[in-house]
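**Student:** Predicted model and sequence below, questions to follow.
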Amino acid sequence: MSTIFGIPPQALFGQLLLGLINGSFYALLSLGLAVIFGMLNVINFAHGALYMLGAFVAWLLLTMAGVGYWWALLLAPLVVGAFGVILEKTLLSRLYKLDHLYGLLLTFGLALIVEGIFRHFYGVSGQPYPIPDLLRGGQNLGFMFLPNYRGWVVVASLIVCLATWYAIERTKLGAYLRAATENPVLVQAFGINVPVMITATYGFGVALAGLAGVLAAPIYQVSPLMGSNLIIVVFAVVVIGGMGSILGAVLTGYGLGLLEGLTKVFYPEASNIVVFVIMAVVLLIKPAGLFGRER
Amino acid sequence: MPDAQPIQSTPTRTAMLEISDLQAFYGESHVLHGVNIDVRQGEVVTLLGRNGAGKTTTMRSIMGIVGRRTGSIRFQGQELIGMAQHRIPRLGIGYVPEERGIFASLSVDENLMLPPVVKDGGMTVQQIYELFPNLQGRGSTQGTRLSGGEQQMLAIARILRTGADLILLDEPTEGLAPVIIEQIGVAVRKLKQRGFTILLVEQNFRFAATIADRHYVMEEGHVVDMIPNDQLAANMEKLHEYLGV
């Protein structure tokens, strides 16, 4: 039986696939964080909790109302986005004139509250969410077995990331967003309602987290802690990619997911810290991040 | 005759912009102390004065982007103080800020097309290229990679598309070479011929004298004098004193 660097190919590709799945979630979440940071200058610590909220909305829709996966894929991001709009309107918008740290503290507190509420009602053991019928089973690719659902997650997250990148970098609305990120006062002086744009951006960014939550529900269990387990790594991804860089967030998300997978194959002991080691190195060499611009 | 004047009994030179007793504040500091200015339709009016006299703050007060302001700013009869910021430009006021405000993350084309059209009758992109030939063919260039003069032209150009009929031009010649200043001057005169009303902040009164109808002189947050352009020569001594040149 052939091996690659002494590793059976099944193990290598299996870990790479796992890395790609994790990378898909890193990319979706750090993309939302990057969009929000660019426009609001807020480090949205509630992102993990809103990702968890997305998964719970999907689970509640299924168990309470019998609404299945595909509708949840649409409805949960809308619910999370609407919740984000309310948070921005009632709380976050009061903090823009203060230091960034206040936004971070507020969202950190919100994350704890949201998580606490779900822990209170559902415990921490986790609820199973079934894979939708359409995506059961898998493909034998010859060198490895690819579960259909995992393939779908990779494709769906790629499409969403590319669509978001396109919308921001290539459309008129995206031009408003980029311009307002640079100089909101001037964009307002051209007659554009920047506060509404800010609210919409936050809503969109957290809707991405909600979407990631629905995608994650059948893979990981739906649990109140699923967000806080993931979000620390995602923050490291954002720091490595560069705060506020859209492309940086996406590429770094996938790249670090894959790298984590590779580390699991070649030096499993380091797989949990490899992202943080890279973060430390990047911060030392290029503090603005790989794709970030110095401010 | 396409250029016929409207046959109405109202005076043709009504005040388009009337600023009276304008006070403006940045946080605790009181910057404008009762500014009175009026600009009539089709006029080019300059604000002259030393650094810190309040010229830029007057512009920013019109756009609603200072901390707090009191008094009255009326544009075509509508009061701007208290109006939502993003509605002010929609009345037909175009703002060309001092620092030019070209967006680095946008291409030249995106910069040009960014301000929304607020009224009919704006210039077409083709007409804008005729006015500023330097901008033609540079569409995909990053906005801030243009030279300073070209950035200034772009900052003016993007307002001309919007149909705004009052243009606030804040120091369009600052830091530019004489040849470029000449080009900007030609363009501003053409804009005046097209019927644009222009409020211009300038330190360079030689430039201002070639295009303006009237000059307001500002000192320490209020207007201290108004000099019609045809009496500029007679008031040279006074002006030198005001401006310290």
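**Tutor:** Cool, the structure landed.
**Student:** Near chain B, which residues of the stretch 51-200 of chain A? Just list them.
**Tutor:** A:172, A:175-176, A:178-179, A:181-183, A:185-194 (Cβ under 8 Å from any Cβ of the partner chain). (Glycine included, C-beta is placed from N, CA and C.)
**Student:** 7 Å instead?
**Tutor:** A:175, A:178-179, A:182-183, A:185-186, A:188-194 (Cβ under 7 Å from any Cβ of the partner chain).
**Student:** How about the contacts made by the residue nearest to A:Asn193 when sequence neighbours are not counted?
**Tutor:** Spatial nearest neighbour of A:Asn193, excluding adjacent residues (Cβ to Cβ, 6 or more residues apart in numbering or on different chains): B:His86 at 4.5 Å. Residues counted as contacts of B:His86 (Cβ atoms under 7 Å, 6 or more residues apart in numbering or on different chains) are A:Gln188, A:Gly191, A:Ile192, A:Asn193, A:Val194.
**Student:** where along the stretch 1-150 of chain A do the strands fall?
**Tutor:** A:138-140, A:145-147 (DSSP state E, counting those that start in this stretch).
**Student:** Quickly compare the ones you listed and say which is most buried.
**Tutor:** strand A:145-147 (a mean of 15; mean count of other Cβ atoms under 10 Å in any protein chain shown).
**Student:** Packing partners of that one?
**Tutor:** Helices and strands touching strand A:145-147, by 3 or more Cβ pairs under 7 Å, 6 or more residues apart in numbering or on different chains; DSSP states H and E, are strand A:138-140.
**Student:** Quick one: list the elements packing against the strand it packs on.
**Tutor:** strand A:145-147.
**Student:** Now do the strand it packs on: distance to the chain's middle.
**Tutor:** 23 Å (Cα atoms, centre = their mean, to the nearest Å).
**Student:** Ok, stretch B:144-158 next?
**Tutor:** In terms of Cα atoms, centre = their mean, the centre of stretch B:144-158 is set 15 Å apart from its chain centre.
**Student:** list the buried ones in it?
**Tutor:** Within stretch B:144-158, the residues scored as buried using 16 or more other Cβ atoms under 10 Å in any protein chain shown are B:Thr144, B:Leu146, B:Gly149, B:Glu150, B:Gln151, B:Gln152, B:Met153, B:Leu154, B:Ala155, B:Ile156, B:Ala157, B:Arg158.
**Student:** any bit of that stretch sitting next to chain A?
**Tutor:** No. Stretch B:144-158 is not in contact with chain A by Cβ under 7 Å from any Cβ; minimum separation 8.3 Å.
**Student:** Counting neighbours, what do you get for the closest residue to A:Ala76 other than its chain neighbours?
**Tutor:** Distances taken as Cβ to Cβ, 6+ apart place A:Val57 nearest to A:Ala76, at 4.0 Å, with adjacent residues excluded. Using other Cβ atoms under 10 Å in any protein chain shown, A:Val57 has 24 other residues around it.
**Student:** Hmm, A:Val57 is touching A:Pro77, no?
**Tutor:** No. At 8.8 Å, A:Val57 does not count as touching A:Pro77 under the criterion of Cβ atoms under 7 Å.
**Student:** For the closest residue to chain B within the stretch 1-150 of chain A, the count of nearby residues, please.
**Tutor:** Relative to chain B, the nearest point of the stretch 1-150 of chain A is A:Gly38 (9.5 Å; Cβ to the nearest Cβ). If you count neighbours by other Cβ under 10 Å, A:Gly38 ends up with 22.
**Student:** what's A:Leu106 in contact with, if anything?
**Tutor:** With Cβ under 7 Å, 6+ apart, A:Leu106 has these contacts: A:Leu91, A:Leu92, A:Leu95.
**Student:** Name only those of those residues that count as buried.
**Tutor:** A:Leu92, A:Leu95.
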